[in-house]
Structure formats: C-alpha cells, structure tokens
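Colleague: the following comprises the amino acid sequence and a computationally predicted model.
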Protein chains: 2
Amino acid sequence: MTTIEVKTRIKQYQIKIVADGLQQLGSLVTAVWQPSQVAVVTDSNVGVHYAQLVTDELTAAGFKVLVLTIPAGESSKSWQQVQLLIEQLSAAHFSRSDGILALGGGVVGDLAGFVASIYMRGIGLIQVPTSLLAQVDSSVGGKTAIDLPTGKNLVGSFYQPDLVIIDPTTLTTLPPRMLAEGYGEVVKCAALVGGDFWQALQPISGVAAILPAAPALIAASVAFKAQIVMADEQEQGQRQRLNLGHTIGHAVELLANGQLMHGEAVAIGLVQVCRLFAAHDLAPASLVTTIKSRLMAVGLPTELPTELPAVSQQAVVAVMQHDKKVHGAALTWVYLTAIGQPQLFPVAIKDLNDWLATLW
Amino acid sequence: MTTIEVKTRIKQYQIKIVADGLQQLGSLVTAVWQPSQVAVVTDSNVGVHYAQLVTDELTAAGFKVLVLTIPAGESSKSWQQVQLLIEQLSAAHFSRSDGILALGGGVVGDLAGFVASIYMRGIGLIQVPTSLLAQVDSSVGGKTAIDLPTGKNLVGSFYQPDLVIIDPTTLTTLPPRMLAEGYGEVVKCAALVGGDFWQALQPISGVAAILPAAPALIAASVAFKAQIVMADEQEQGQRQRLNLGHTIGHAVELLANGQLMHGEAVAIGLVQVCRLFAAHDLAPASLVTTIKSRLMAVGLPTELPTELPAVSQQAVVAVMQHDKKVHGAALTWVYLTAIGQPQLFPVAIKDLNDWLATLW
C-alpha cells in the first residue's frame, strides 16, 4: 500500500493506492467514517463489476448502503443528474452525518463530488476511482464539475474528499481504449516532472505493458499532482502547469462531441502545443517527436482527426476564445522547453488567431 | 461607517455598514475588485428602486455591468433560476476574473451567492443586502442555498464574499411587514447576547421605532454573528446557537407555504422553544413572556397560526423529523436558560413526538 498525504487549508486526507483495495473497503472506510448511510454513486458500466462487492464490504462494516447508478458517459455530467441524485438522497433522508462514495471513472467522480459538495452545503465524500484516468487525474485536487452546452466543467466546486482509495486491480476490467486514455495523462505528468518518472515510460511499448507498470505510474502521478495542489489549492498559479495539453485538448474534446475521449483529446493537445511553441522558436522541435512517440506507442491520436470535420482548426480557435481558462483578455499557455521544464506563456485573446496561424 | 472584519480559513473580508452606501458603491467595490464584468443580481422589487443607481456607480468606476433580475419571492430559490443565471453568465462570457454583486434580500443573496460559488467553481461575490433580515442574518456566514420541494436550503454551499456592503438607508423602501420580520432576527441575536444589546430593544414599541435604531442594531447583530462564524466556520459546534427558534421555525415556514415570512416563522419558533423548555422545567416560564413582548411590540406572530390548517402540530413534528439539522438519530435544540444564556439539548428522533407532547 502506498499512502500519499494531502494537506489543504480546509482539511487533510489520504490517497491510498492499494492492490485489492475494494476487498478491504470496509476497514479502509471505517478508518475515516462512523457507521452511517452511504450512497454508492456508480455508473452502468462499473456497477456491474463492483457495486455488489462494495455494498457487501460496507454493509459488513456497519454502513447502510444505497446504490445510485447513473448512465455511463459524459452526458451524465448534467443538471438533470445532479437534481435526480439530490432527490434520491433527500428521499432516503440523508443528513450531514451521511456520505457519498464515488465508485467509477471521472464522470462519476466529478458528478458525485459536485453533489456531495452542495447537498446540505456539503456532506462526506470518498473517491474510489476505477479508471486509470480518474486514478491519476481527477482523484487529486478536489475539482468537481458538470458540463453546460457552452462548455465542459463550467459549473462545479473545489471540494476535498475525506479519503481516496485507488485499487489498480480495477484496471483489469477497463477496456484497452480507456487504459490508453489514462496513460495519456500519465505521459503528461511525466513530461512535466521529467527524470526517473519520464524514464519509466520508455519500456511501455503497447497497451498491455501499462497494467503491470500501473501501481508505480499511478503513485508517481498522484504524488506529483498532490504536491502541486497543496502548493496552490485554488488554481491561481503553478497548478496551471497541469493544464499542459489541455488548452487545445479541451476544445478538441468539446468539438469531437463524444467521438474522442478526454485523454485522447489531451494527447492531441500535448503534441500540438509542443509543435506550436517549436514553430515560434520557443521550444526545440525534437520535443514533438519525443512526446509523440510515447503516445503513439499505446495507439493514442496525436493530430487533429481528419475523420471528424467538426474538429476544424477554425472551430478549435473559436472554442479556445471562450475557454474557461481565459483570465480576462489573455489565455495562458503551458508549454515545455524540455522534458521536466514547463513554462507559462500568456497570449492576448485578440492575437490568438494569428498566434495559431503558424501551427496549422 | 462601521467596519467589521471577518477572518475565515479561506479568506478575510469586511462587512461595511454605511449610510448612503449605495451612493458610494463605485469606490467601495473598487477597493476589492479590479475593473471587470459585474453581474448585478437583483429581484423585481428591489431592482426598481436601486438597480439604476448601482449600475451608474459601477459603470462610473470602470466596471462593465450586466443586470440580471429574478422574480421576487422564495420560489426563485430554485434549480430553474440557478440554471438560468448560469446560462446568462456564460452567454456574456463571464470568466473567473469577473464577479456577481447580489443586490436584494435573503432570496437574492442565497441564490446569487450559490451561483457565484459554482460558476467556474467559484467567482467573485459582493453581497449588498437591502432587507433588514438579510442585513442582520444572511449577509454573515457565507451560507448560500436554494430550496427543494422536500425542504428549504437543502442544496447550497459555504462561500465567503469579497465584501459585504450594508446601507441601512435601503430600509426606507422596505414594506413594514418585512421590517418587522428582520427585527425578529435582531430579537433572536439580542436574546442570545443579552446585556446592553437586549436592553437596546426595550424602547422599540412599534415598527416605526426600528428605522432610527437600525444602524446600531444591525452593527450589534452582525458583530455577534461574525464572531460566532469566525469561531466555527462550518457549523459544527457553537454556530448551532444561531439556530435558536429555527428548529420549529423552519418547519412552520415550510408548512405555511409562503403565507408566513421567514422571520415571522422564527418569531413563532422562538416563543415556542422557550415554552417547550419551560414545560420540561429546563428554563423559567417568565422567559416566554419576556421574549414574546419584544416580538409582539412590532406585531410579529408568536403562536401557531390557527388560520393556516396546514401548520398543524402533527405536521410540524413530521417536518422536524426530516429537518436538515438532524445529525444522525438526534435533533439538537437550542434554548435559553436566561437572556444571554443559550444551551444545546439533543433529543433522539424517536423521542421527538413524546418530547413535544408536553408543549401542545
């Protein structure tokens, strides 16, 4: 078991990376919660595999369990699902001493986390991410969100869980495409950190190689993210570095309208931002190849998808101009001057079109 | 000008009680915000009086102003209004460097505060409460909320504003019934504090006497609340004292379904909780008369309204059993052993019916 301590201004909690963690869920949860009601929020894909095990574990530990299953997919990050979940909690007389356990990928974590943050102004939350992306990405940082037609994650909160339990064994039931997706986020973290972490990626020459390496890669990614988040809880400064690849990535994801997964869109964004800064002579062109090869090794996309006409260069620029990372009149890019060397670079919104013209 | 400093773990801000504060709004806001976009959220009653003045003041100070007017009344504390406001902010391209100024009573403050707390995971918020109740109650403590059919304030957040501006001059346009309502909350604060604050209420023999006394009464109420909130930001312990009169009051308000105002329901709850604890020999019976006389002086109700059959004793008990202040299996009452002497007293939910039988 690897334990990573997260200390924020509001609270202190642990992220535990435990092989077969679901089989020990009762005792892990009992360490932070008194017996009470627990709503296990899961989705139609993950619930099939793990809802019964989790329910049995929690029940044996003295908790009263209510399983709430949402449809799998990004479209569940909606007002409608928020309202539905809250009605179900209220109908089951959930009080402030009860809690929500989010069992699933990023959609479940974002949605259930947001619901936990606003039901009765905040009830207990335990995150049990089951996808590689959620394990390395959304499980750290306390970001919760739902989507609006005008943009992803436009509504949400910063809300820290009481505990995060990562069981890498759950990755065995993950479809290969989702494993690769999460690995894209690992590549992003390793590119920001450099050193041994980056070196550890070199043997990963296909999706099958991810699984045995997963516990170490998750631990390295989570430790890095936790350190950044502790230094910058509300995303004012250096936490922006984690947005590497996300400026273009978010726009690509939105325009692909479900045809690309988040990690796939970020993989494209990662390579494109390297190319962009190389074109402006602010970064070496070799970085493009270096990063691209790690992503292509597991079959991740790295270029704008020509098979999706909606993801045009013009459309990407238009979406970026409305990007939520816009602070006033400038958009702050994160780029690399070398592996392990991230930098920030603001570009005025009015100059964005010209600035990107060198890229495409 | 009276300035009260509020220091929470997350942030520090000021509550300024300023006669003709709206006429100085530009300079007051400029002290905490850089020029940016400001959404002035107000309601159909308050906007008529003050939206133009506020817009002119902010515009002159360099802000770009968007006025968003909601229908007056508790029914605006709804999912529907939250979604509508957020769509309007998104359509106007509000970013994290923009903010919301809540101009109105408790409904506006609760709704606009909640929206500010979740739009892009939180944008700037300035509260400008214009009703006496909002000035003494909801402006301090960072509580935001909307209602669900199953209960008031069931969804919300703790979210601290950047500044609170209280202009007692706005009370001149407040209907007498709302002035009396807010005074009920002042009586609650004074009953908790005792001493000079309680003595200051003795000359208030009618609604007309509230207005000249308002600046001092608001300052005393706000200073008291700020002190409690600083000691107990997340409402775990002593902040519960502020719930004096609210356990029965909330249930009465819910059942009255808009026929009673919040402060009126709390006035009833205040007298009833004194009577309840006197009946259990835990408090002197004279307190009932002492408090009742202060409330009746301005025409506030103090007994269950016989003209509203829905507000029956049985219904009140049923609603309390589902009250959000229920922590697990017990409900914590706040009562007084004397003016200025609040106490907490837990009663198991299963015993609640018997426990109230002595009252009615």
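Modeller: The structure has been received and is ready for your questions.

Colleague: tell me the secondary structure at A:Tyr13.
Modeller: Following DSSP: H, G, I helix; E, B strand; the rest coil, A:Tyr13 is assigned to strand.

Colleague: how near is it to B:Ile228?
Modeller: With distances taken as CB to CB, to the nearest Å, A:Tyr13 is found 27 Å from B:Ile228. In short, each C-beta sits where N, CA and C put it, glycine included.

Colleague: do the same with A:Val82
Modeller: Going from A:Val82 to B:Ile228 by CB to CB gives 31 Å.

Colleague: so A:Gln202 sits in a strand?
Modeller: No - assessed by three-state DSSP, A:Gln202 does not belong to a strand; its assignment is coil.

Colleague: any low-confidence regions in the stretch 101-250 of chain A?
Modeller: A:232-237 (pLDDT under 70).

Colleague: which stretches of the stretch 1-150 of chain A form helices?
Modeller: A:25-30, A:46-60, A:79-91, A:106-118, A:132-133 (DSSP state H, counting those that start in this stretch).

Colleague: please apply the same query to the stretch 151-300 of chain A.
Modeller: Going by DSSP H, counting those that start in this stretch, the stretch 151-300 of chain A shows helices at A:176-193, A:195-199, A:210-231, A:246-256, A:262-279, A:286-296.

Colleague: what about those, which gets the closest to A:Gly156?
Modeller: helix A:246-256 (14.1 Å; CB to CB).

Colleague: is chain B contacted by the closest one?
Modeller: No - counting by CB under 8 Å from any CB of the partner chain, chain B is not contacted by helix A:246-256; separation bottoms out at 13.2 Å.

Colleague: other residues contacting that helix?
Modeller: For helix A:246-256, contacts defined as CB atoms under 8 Å, 6 or more residues apart in numbering or on different chains pick out A:151-152, A:260-262, A:265-270, A:272-273, A:304-305, A:308, A:310-312, A:315-317, A:319-320, A:323, A:325, A:331, A:333-334.

Colleague: how about it as PDB, C-alpha atoms only?
Modeller: Extracted C-alpha coordinates of helix A:246-256, given in PDB (Å, rounded to 0.1, in the frame of the first residue of the first chain):
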ATOM      1  CA  HIS A 246      -5.500  21.000 -22.100                       C
ATOM      2  CA  THR A 247      -5.900  24.400 -23.900                       C
ATOM      3  CA  ILE A 248      -6.200  22.800 -27.300                       C
ATOM      4  CA  GLY A 249      -7.300  19.400 -25.800                       C
ATOM      5  CA  HIS A 250     -10.500  20.800 -24.200                       C
ATOM      6  CA  ALA A 251     -11.500  22.500 -27.400                       C
ATOM      7  CA  VAL A 252     -10.900  19.300 -29.500                       C
ATOM      8  CA  GLU A 253     -12.800  17.200 -26.900                       C
ATOM      9  CA  LEU A 254     -15.800  19.600 -27.000                       C
ATOM     10  CA  LEU A 255     -15.900  19.700 -30.800                       C
ATOM     11  CA  ALA A 256     -15.500  15.900 -31.100                       C
END
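
Colleague: could you tell me the angle between that helix and helix A:262-279?
Modeller: 130 degrees (axes from the mean of the first three to the mean of the last three CA atoms, to 10 degrees).

Colleague: run the chain-centre distance for helix A:246-256.
Modeller: 14 Å (CA atoms, centre = their mean, to the nearest Å).

Colleague: ok, how many other residues are close to A:Val136?
Modeller: 28 (other CB atoms under 10 Å in any protein chain shown).

Colleague: wait, it sits on A:Gly184?
Modeller: No - the criterion here is CB atoms under 8 Å, and A:Val136 misses it with A:Gly184 at 9.8 Å.

Colleague: OK, now which residue of the stretch 151-300 of chain A is nearest to chain B?
Modeller: A:Gly156 (4.6 Å; CB to the nearest CB).

Colleague: before we move on, back to that, in JSON lines, list the helices of the stretch 1-150 of chain A along with distance to chain B.
Modeller: Below are those laid out as JSON lines (distance: least, CB to the nearest CB, whole Å):
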{"stretch": "helix A:25-30", "distance to chain B": "16"}
{"stretch": "helix A:46-60", "distance to chain B": "17"}
{"stretch": "helix A:79-91", "distance to chain B": "5"}
{"stretch": "helix A:106-118", "distance to chain B": "5"}
{"stretch": "helix A:132-133", "distance to chain B": "19"}
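
Colleague: ok, what's across the strand from the residue of the stretch 151-300 of chain A closest to chain B?
Modeller: For A:Gly156, the beta-bridge partners under DSSP bridges are A:Ala145.

Colleague: check contacts around it.
Modeller: Here A:Gly156 is in contact with A:110, A:114, A:143-146, B:118, B:120-121 (CB under 8 Å, 6+ apart).

Colleague: ok, which residues in chain A are in contact with chain B?
Modeller: Counting by CB under 8 Å from any CB, chain A sits next to chain B at A:9-10, A:36, A:79, A:83, A:86-87, A:90-91, A:93, A:95-97, A:114, A:117-122, A:143-145, A:148, A:150-151, A:153-158, A:234, A:322, A:324, A:326-328.
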